[in-house]
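Colleague: Quick one: sequence plus predicted model below, questions after.
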Amino acid sequence: MTLKRYIATMLLTTLLCWTAFMLVLYRIDPESAGTVGMMLFFISLFFGLLGTLNLLGFFLRFVFLRNTVPFRYIGISLRQSFWFALLVCLTLLLIQEELLVWWMPILLVLGLAVLEGFFLARSLEARIYQKKKLQHQQ
């Protein structure tokens, strides 16, 4: 898949997700829909945020980090947009269930930061291993 096709596909699916979110927001009564309505709300919000933040993260990296191949930005921006969309949805879910206290988002952010740090360290380790492997082959 080319980069242009990926961006166009992601843009189209993100618009569809936001359309679904707006339909859920304006057409479904949370009192009568119950669990199914709330699931539709959170799923459409999550995927709408995921697509939007993914495209935003990709374009920001594309503009400001011109030193590497653009395809490398896709995985990083997708992973980080996943964490942020998850953070927003979990926070809203805690608010809905009236379980949100001031320290809960801090724990969520710290937990997601540890996960992201793990993935960044793992990718850095893989790059160092590839460089050493190339040096030994030469």
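Modeller: It's in. Numbers count the residues shown, from 1 in each chain.
Colleague: Please count neighbours and contacts with C-alpha atoms only from this point.
Modeller: Noted.
Colleague: what's around residue 10, how many residues?
Modeller: Residue 10 is flanked by 17 other residues according to other C-alpha atoms under 10 Å.
Colleague: mind pulling up the phi and psi values for residue 102?
Modeller: Backbone dihedrals for residue 102, given as degrees, to the nearest 10, come out at phi -60, psi -30.
Colleague: Contacts only, for it.
Modeller: For residue 102, no residue meets the contact criterion (C-alpha atoms under 8 Å, 6 or more residues apart in numbering).
Colleague: From residue 91, how far off is residue 24?
Modeller: Using C-alpha to C-alpha, to the nearest Å, residue 24 is found at 19 Å from residue 91.
Colleague: scratch that, residue 43
Modeller: Distance of residue 43 to residue 91, given as C-alpha to C-alpha: 14 Å.
Colleague: Secondary structure class of residue 79, three-state.
Modeller: Following DSSP: H, G, I helix; E, B strand; the rest coil, we place residue 79 in the helix state.
Colleague: separation between it and residue 89?
Modeller: From residue 79 to residue 89 the distance is 15 Å (C-alpha to C-alpha).
Colleague: the more surrounded of these two?
Modeller: A count of neighbours by other C-alpha under 10 Å puts residue 89 above the other of residue 79 and residue 89, at 18 against 14.
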